[in-house]
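**Student:** structure here, sequence nowhere to be found:
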């Protein structure tokens, strides 16, 4: 059985400048048999991630808290707590925190995130 708790997680700045805690990654846990990886991400107040793309993986953001402006390719839209954003593989993406507090996101990458698949633009 594999159980993770974000209260005990290790957070660090990711290459896209979000503050990230990897919760599940099949390449790092023998018990994890998923195709996808799962991370808890925070974009602090007044900050934004760097434009980036995942070359072959798609990504889904579930907004847990806060408000932001999501940018995918040439499109942009406001996002808030309770919404889901689908980001296709190969799409340039970035998100900015436009709210008063932290923007908190659950990020699901399928197939699992790999460093070689991510490109900071």
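**Tutor:** Now that the structure is in, tell me what you want to look at. Just so it is clear, the model here is predicted, and its values are computed rather than measured.
**Student:** wait, is residue 46 part of a strand?
**Tutor:** No. Read with DSSP: H, G, I helix; E, B strand; the rest coil, residue 46 is coil and lies in no strand.
**Student:** pull the number of nearby residues for it.
**Tutor:** Neighbour count for residue 46, taken as other CB atoms under 10 Å: 10. In this view, the C-beta of every residue, glycine as well, is placed from N, C-alpha and C.
**Student:** separation between it and residue 103?
**Tutor:** Relative to residue 103, residue 46 is positioned 10 Å away (CB to CB, to the nearest Å).
**Student:** give the intersection of the neighbour lists for the two.
**Tutor:** residue 97 (CB atoms under 8 Å, 6 or more residues apart in numbering).
**Student:** so where do the strands sit in the protein?
**Tutor:** Per DSSP state E, the chain carries strands over the ranges 12-13, 19-24, 37-43, 52-54, 58-65, 67-72, 75-80, 84-87, 93-97, 103-110, 118-120.
**Student:** need these in CSV with mean pLDDT, can you?
**Tutor:** Formatted as CSV, these follow (pLDDT from 0 to 100):
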stretch, mean pLDDT
strand 12-13, 96
strand 19-24, 94
strand 37-43, 97
strand 52-54, 97
strand 58-65, 98
strand 67-72, 98
strand 75-80, 98
strand 84-87, 98
strand 93-97, 98
strand 103-110, 98
strand 118-120, 97
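**Student:** out of the ones you listed, nearest to residue 5?
**Tutor:** Counting by CB to CB, residue 5 lies closest to strand 19-24 out of the strands of the chain; the figure is 8.9 Å.
**Student:** what lines up beside the closest one in the sheet?
**Tutor:** As defined by DSSP bridges, the strand partners of strand 19-24 come to strand 12-13 (antiparallel), strand 37-43 (antiparallel).
**Student:** so which of these is the most surrounded?
**Tutor:** strand 37-43 (a mean of 21; mean count of other CB atoms under 10 Å).
**Student:** what comes into contact with that strand?
**Tutor:** By CB under 8 Å, 6+ apart, strand 37-43 touches 6, 9, 11, 14, 18-26, 49, 66, 68, 95-97, 102-109, 112-113.
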